[in-house]
Structures are given as C-alpha cells and as structure tokens.
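Visitor: No sequence on hand, only this structure:
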Ligand SMILES: CC(C)(COP(=O)(O)OP(=O)(O)OC[C@H]1O[C@@H](n2cnc3c(N)ncnc32)[C@H](O)[C@@H]1OP(=O)(O)O)[C@@H](O)C(=O)NCCC(=O)NCCS
C-alpha cells in the first residue's frame, strides 16, 4: 500500500540551565515558503523559554539568506562568527543570539 505521508519539517534544540540552542531546522523543499519555518521557530522558542531559557543561540551559514531572514524576524541578532566552521563548502558560521 502506498503512503503519501512525509516529514514536512523538523527542529532540534537543546537546553541547559538558562541557555538554549537550536541545533538544526529544516523544511522539505516542496513545503517551503508556506510559513512552516516560522511555526517551527515559534514553537521551539516557546518550548525553550518554557523550560527556563533566557538566551538562545544558533549557528547559520553566512550565505544562508533564507534562514538568516527567518531568524532575524524572530529577534535573533548577530553576536559572533566562527571562521571556516562549515565544510563542503568551507564557509564561516554566523552566531546568532536571542534574549528571551
Ligand atoms: C530556512 C527554512 C527552514 C525556512 O523554511 P520555510 O518553511 O520556507 O520558511 P517560512 O515559509 O516560514 O518563511 C520564513 C521566513 O524565512 C525567510 N525566507 C524563507 N525562504 C526564503 C527565501 N527563499 N529567500 C529569502 N527569504 C526566505 C523569509 O524571511 C520568510 O518570511 P516571510 O515569508 O514572512 O518573508 C528552509 O528554507 C530550509 O529548510 N532551508 C534548508 C535548511 C536550513 O537552511 N536550515 C537552517 C539551518 S541554520
């Protein structure tokens, strides 16, 4: 029997004491630009702040304009840069922080 069920998107985060970190976020290509990314970020921020996070961090490729716009909309600000952090291709990571 065929199934059309697919994962449309996911987000992974951790927290410790009063800090949280978004480790991964992705929406399937065919499901993008429909607001799912906004929803996933909103939900994970609610979960992290609900668990006591007061500062939330993440890293994003410098060239990843869609993700950087998404995070900026939710209040994340650039606080650092990790030189040549990513591989294939090599690229700097921008460190973002949100004060919740
Ligand atoms: C980044 C990503 C999660 C966005 O998911 P999405 O479901 O398309 O996002 P939404 O439809 O909720 O859009 C959220 C915002 O992201 C930005 N955005 C999304 N796609 C964009 C694009 N192609 N170009 C520019 N901005 C874009 C916009 O600011 C948008 O807000 P707006 O529609 O109000 O202008 C998705 O593009 C993705 O999975 N990318 C690959 C994985 C990735 O880069 N993850 C982040 C790692 S840190």
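Guide: Perfect, I can see it now. Quantities reported herein were computed from a predicted structural model and do not represent experimental measurements. Numbers count the residues shown, from 1 in each chain.
Visitor: Okay, now the unreliable bits of the chain?
Guide: 1-3 (pLDDT under 70).
Visitor: Just the buried residues of the helix or strand containing residue 56, please?
Guide: Using DSSP states H and E, residue 56 maps to strand 55-61. For strand 55-61, the neighbour count (16 or more other CB atoms under 10 Å) marks 56, 57, 58, 59, 60 as buried. For every residue, glycine as well, the C-beta is placed using N, CA and C.
Visitor: in its sheet, what does it sit against?
Guide: Using DSSP bridges, the strands paired with strand 55-61 in its sheet are strand 19-27 (parallel), strand 91-99 (antiparallel).
Visitor: Could you list the residues in contact with it?
Guide: Contact with strand 55-61 is made by 18-23, 45, 48-49, 67-68, 71, 76, 79, 82, 85-86, 91-100, as judged by CB atoms under 8 Å, 6 or more residues apart in numbering.
Visitor: Quick one: residues contacting the residue of the chain found nearest the ligand.
Guide: With CB to the nearest ligand atom as the measure, residue 37 is the residue of the chain nearest to the ligand, at 2.5 Å. By CB under 8 Å, 6+ apart, the residues touching residue 37 are 9, 25, 27, 66, 70.
Visitor: Does it belong to a helix, a strand or coil?
Guide: Following DSSP: H, G, I helix; E, B strand; the rest coil, residue 37 is assigned to helix.
Visitor: The one 3 residues further on too?
Guide: With three-state DSSP as the basis, residue 40 sits in helix.
Visitor: quick one: contacts for it?
Guide: Each residue near residue 40 by CB under 8 Å, 6+ apart is listed here: 9, 10, 11, 25, 27.
Visitor: Let's see that with 7 Å instead.
Guide: Residues near residue 40 by CB atoms under 7 Å, 6 or more residues apart in numbering: 9, 11, 25.
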